[in-house]
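A.B. asks: sequence and predicted structure below; questions after.
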Amino acid sequence: MGLYLTANKQTTRWFLTELHRRYQLNDVEFLVDDADYLGSVLAEDGYRFQVIRHGNRNAIERVFWKIERRTSSFENSFSNVALETAQNPLEAVAVYHNSCQT
């Protein structure tokens, strides 16, 4: 799947199309936060969804928050260096990540 710099109806449709192609989303119910365009895209495209705007953060949200925070911290550690300086540590992380996938 690709990464998109912005989220809107079109990128959401591209994402859902790719997700459906890979995982067959026929019996899936999406939990939607307060992003207004998500519910309308899901409804227009015939997906089941439930809007949950407030409440306790669940375990999945905490995991995503931690990943986002750690990714940001990792990115900030290389923000003022030349590509050549950052390349070896980044390659080491990629090798480690890929070894964990097998």
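C.D. replies: It's in.

A.B. asks: care to break this protein down by domain?
C.D. replies: Listed by automatic domain parsing, the domain ranges of the chain are 9-51, 59-100.

A.B. asks: hey, least reliable of the ones you listed by pLDDT?
C.D. replies: Note on the domains of the chain: domain 59-100 shows the lowest mean pLDDT, a mean of 74.

A.B. asks: related to what we said a few turns ago, now mean neighbour count too, for the domains of the chain, in CSV please.
C.D. replies: For every residue, glycine as well, the C-beta is placed using N, CA and C. Shown next, in CSV, are these (neighbours: other Cβ atoms under 10 Å):
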stretch, mean neighbour count
domain 9-51, 13
domain 59-100, 10
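
A.B. asks: can you pull out the strands in the protein?
C.D. replies: Ranges of strands in the chain, per DSSP state E, are 29-32, 48-51.

A.B. asks: which of these sits closest to Ala92?
C.D. replies: When those are compared by Cβ to Cβ, strand 29-32 sits nearest Ala92, at 35.8 Å.

A.B. asks: pull out the CA atoms of that closest one and give them to me as CSV.
C.D. replies: Extracted in CSV, the C-alpha atoms of strand 29-32 (Å, rounded to 0.1, in the frame of the first residue of the first chain):
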residue,chain,number,x,y,z
GLU,A,29,-17.5,-3.1,10.4
PHE,A,30,-15.2,0.0,10.5
LEU,A,31,-14.9,2.1,13.7
VAL,A,32,-14.7,5.7,12.6
